[in-house]
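Undergrad: Mind looking at a prediction? Sequence and model below.
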Amino acid sequence: MNAAQDAAASYRGPTDPPADAVLPERHPDAPQPGKGLGTHYAQCFGCGEERPEGLHLHVRAGEGVSVTAEFEVAPGHQGAPGLIHGGLLATAFDEVMGAVSWMLHVPAVTGRLETDYVKPVPVGRTVHFSAWCVGRAGRKLYHRAEARLDGPQGLLVARAAALFVAVKLEHFTSNGRAEEVQAVLEDPQTYRSLKAFELNP
Ligand SMILES: CCCCC/C=C\C/C=C\C/C=C\C/C=C\CCCC(=O)SCCNC(=O)CCNC(=O)[C@H](O)C(C)(C)COP(=O)(O)OP(=O)(O)OC[C@H]1O[C@@H](n2cnc3c(N)ncnc32)[C@H](O)[C@@H]1OP(=O)(O)O
């Protein structure tokens, strides 16, 4: 190994858990494996049922601190003719890795998201996502994800790594546009799930 290879092998980037990271345990109230997580916000582009143009990802709990989801690539998702837009795949990764934090009952936002595009993804195929946590160091959560074609064991088409940062619910209430924040706080179902995060961390 030359010096450059050596440096590359020992490189630890911002999405790699530091030496003091621990593997967190799933929250006792996290849904059982196979159960849907539901949407965290009805207007979410990734999982909301009220956004017609959204991805409508249905995320399910996996074993431990992991989740799975599927998504059918539609003509509206194209970047090149008949192929998915890469940014859209990154969006889907953001959503499924965000849901991993849900398994910990930790409200968290994406700090950094890295995507490796391995193979092109054609329209009309189904992308199967799996995502899991590889460590927590203080407020920082380290997640990984994979996307495979047509089945959970299908061809690997993309991989992702992310750093999420745990935030207080105030992050959303004080930064979001007032009309949407107000609407969500008045919606009893969302309010209940937000409160569950606060009261039962
Ligand atoms: C009322 C409505 C509520 C609705 C929401 C409901 C529920 C939410 C709950 C669960 C969500 C469930 C599912 C999620 C589904 C979808 C996922 C989509 C997720 C997103 O789509 S979300 C949008 C994109 N996202 C942002 O909009 C973030 C913008 N950003 C910021 O808001 C700040 O930037 C923040 C908060 C990230 C940090 O700010 P901060 O001031 O709190 O903390 P600070 O800067 O000290 O960082 C602390 C430590 O993280 C390290 N760190 C931070 N960023 C880093 C980076 N990029 N690279 C390397 N390290 C980084 C620092 O180096 C330090 O590390 P150290 O502690 O070691 O020094």
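TA: Arrived safely, thanks for sending.
Undergrad: Geometric centre of this structure: which residue is closest?
TA: M97 (2.0 Å; CA atoms, centre = their mean).
Undergrad: The residue in the chain that the ligand sits nearest to: neighbour count?
TA: Closest contact between the chain and the ligand, by CB to the nearest ligand atom, is at G98 (2.2 Å). Quick note: C-beta positions are derived from backbone N, CA and C, even for glycine. Per other CB atoms under 10 Å, the neighbour tally for G98 reads 25.
Undergrad: any idea which helix or strand carries T173?
TA: helix 170-175 (DSSP states H and E).
Undergrad: try F164
TA: Using DSSP H and E, F164 falls in strand 156-166.
Undergrad: same thing with A92?
TA: Element membership for A92, per DSSP H and E: helix 86-102.
Undergrad: same check, this time on A131
TA: For A131, the element it lies in under DSSP H and E is strand 126-137.
Undergrad: Name the residues of that strand that are buried.
TA: Residues of strand 126-137 classed as buried by neighbour count (16 or more other CB atoms under 10 Å): 127-136.
Undergrad: List the pairing partners of the next helix or strand after that strand within its sheet, with orientation.
TA: Going down the chain from strand 126-137, the next helix or strand is strand 140-149, by DSSP H and E. Partner strands and pairing direction for strand 140-149 (DSSP bridges) are strand 126-137 (antiparallel), strand 156-166 (antiparallel).
Undergrad: any chance of the ones you listed in TSV, with mean pLDDT and distance to F71 too?
TA: Output for these, formatted as TSV (pLDDT from 0 to 100; distance: least, CB to CB, whole Å):
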stretch	mean pLDDT	distance to F71
strand 126-137	98	5
strand 156-166	98	12
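Undergrad: Contacts only, for G82.
TA: Going by CB atoms under 8 Å, 6 or more residues apart in numbering, G82 touches 122-123.
Undergrad: Quick check: residues of this protein near the ligand?
TA: 14, 40-41, 46, 94-95, 98-99, 101-102, 107, 109-112, 138-140, 163, 165, 167, 172-173, 181, 184, 194 (CB under 6 Å from any ligand atom).
Undergrad: Now list the buried members of the residues you listed.
TA: By 16+ other CB under 10 Å, those give 40-41, 46, 94-95, 98-99, 101-102, 107, 110, 140, 163, 165, 172, 184, 194 as buried.
Undergrad: Please pull out the lowest mean pLDDT helix or strand from the protein.
TA: Within the chain, no helix or strand scores below helix 188-199, which has a mean of 65 by mean pLDDT, DSSP states H and E.
Undergrad: Quick one, grab the pLDDT at the residue lying farthest from the centre of the chain.
TA: The centre of the chain is farthest from one residue, N2, which by CA atoms, centre = their mean lies 36.6 Å away. Looking at N2, its pLDDT reads 83.
Undergrad: ditto for the one 3 residues further on
TA: With respect to pLDDT, Q5 has a value of 80.
Undergrad: how close does it sit to V118?
TA: Computed as CB to CB, to the nearest Å, the Q5 to V118 distance reads 22 Å.
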